[in-house]
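Enquirer: I need the structure of the sequence given here:
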Amino acid sequence: MAIGLISCQNKTEVKNTEKKKTIELKIVNSKEVDLTNNVSNSKKLSPISKPKYLLSENSISLLTLEEFKENGDFRSTKNNDSLFVEFLINFTTYQNNLNDSLYNDANYETYNTLIYSNETLIDPKAKEFEAIIKEYGFFISSSEGDIFLEKDPSFLNNFTIYLSERMNVFKKQYIKEIKFPIAEDGGIIISTKELIERMLFWEHFARSNKGFELPEYAQEEFENNLFYLMFGMDNTPIFDWNSQPHKIKPELTKEFERIIGKYPESVSIKYLEDYLIFIEDNSFIYSEEFNKYARMKFPKMFGK
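Expert: Numbers count the residues shown, from 1 in each chain. Down below sits the predicted model:
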């Protein structure tokens, strides 16, 4: 079954160019452990007042961690890996549902004071809310002046001791990309160097872990990062705005050439070599032809 692993809120910046990332989850033995049922029996709730949607029966984060602490040492890391993946998918669904409720909360603007730079302007109710959501495994993030709930890396790291080495390698990178998202306000906010490193990391991970519990995730992340390296975003164009006609940035083509020379085994090479020919054929001038080329080379990014 295809299930999203990245929160909807993280996709705000790239939703016009990127189809929702999906993964194929291997069937997990549901008889091994039930991570979602009977959550209403959880007693690990904060004593301070909660919005009603945080009293949901879906508080999977608290129960899953408790279950791992009780039984994780008695299972193989293989089983723990599968259960962690199942949890991560359900946790993302939980996150998206909570964010939907948060946006409709009458106190949303009150909570939004959490991102004010002046500490004295933060409403006390907002600070209480922040403490509550941390208990559920989230922290307050923001995009374009609006808050949303993001997975708390420190919470996810509670599972480290129960997981295999390769799952922890995956988790470490996953957490890094939570801490340092690729985009904000319609533009890429990580360096070109970091973008390339992410592309190469996911390519290597996909190649080295054929039996990984998330078989398509790494490949999709590789393709996504390669796409943004080649075509940029609305507010991070690959051409110079000040030039007429718009010329492709020379530092970008130099970076493509550097990758081709330094990483000859990378799958990205066949894309970049062909792209450089395309750029040269278009006299290094940006036009609508680039959009057509992008759609042809990366149809998944456009929902095809």
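Enquirer: and Lys127, how many neighbours does it have?
Expert: Lys127: 14 surrounding residues under other Cβ atoms under 10 Å. Quick note: C-beta positions are derived from backbone N, CA and C, even for glycine.
Enquirer: how close does it get to Lys134?
Expert: The gap separating Lys127 from Lys134 is 11 Å, by Cβ to Cβ, to the nearest Å.
Enquirer: show me where the stretch 201-304 of the chain has its helices.
Expert: In the stretch 201-304 of the chain, the helices defined using DSSP state H, counting those that start in this stretch lie at 217-231, 250-262, 268-281, 288-297.
Enquirer: which of the ones you listed sits most buried?
Expert: helix 217-231 (a mean of 22; mean count of other Cβ atoms under 10 Å).
Enquirer: any idea how far apart the tips of stretch 67-83 sit?
Expert: 11 Å (Cα to Cα, to the nearest Å).
Enquirer: next up, the contacts around Glu257.
Expert: For Glu257, the contacting residues are Leu276, by Cβ atoms under 8 Å, 6 or more residues apart in numbering.
Enquirer: how about residues contacting stretch 284-303?
Expert: In contact with stretch 284-303 (Cβ under 8 Å, 6+ apart) are residues 17-19, 220, 223-224, 227, 230-231, 237-239, 245-248, 250, 253, 271, 274-275, 278, 282, 304.
Enquirer: what distance separates stretch 65-72 from the middle of the whole chain?
Expert: 25 Å (Cα atoms, centre = their mean, to the nearest Å).
Enquirer: how about that stretch: buried residues?
Expert: Leu65, Glu67, Phe68, Gly72 (16 or more other Cβ atoms under 10 Å).
Enquirer: then stretch 73-80?
Expert: Arg75, Thr77, Asn79, Asn80.
Enquirer: where's the third one relative to Thr92, distance?
Expert: Just to be clear, that refers to Asn79. Taken as Cβ to Cβ, the span from Asn79 to Thr92 is 21 Å.
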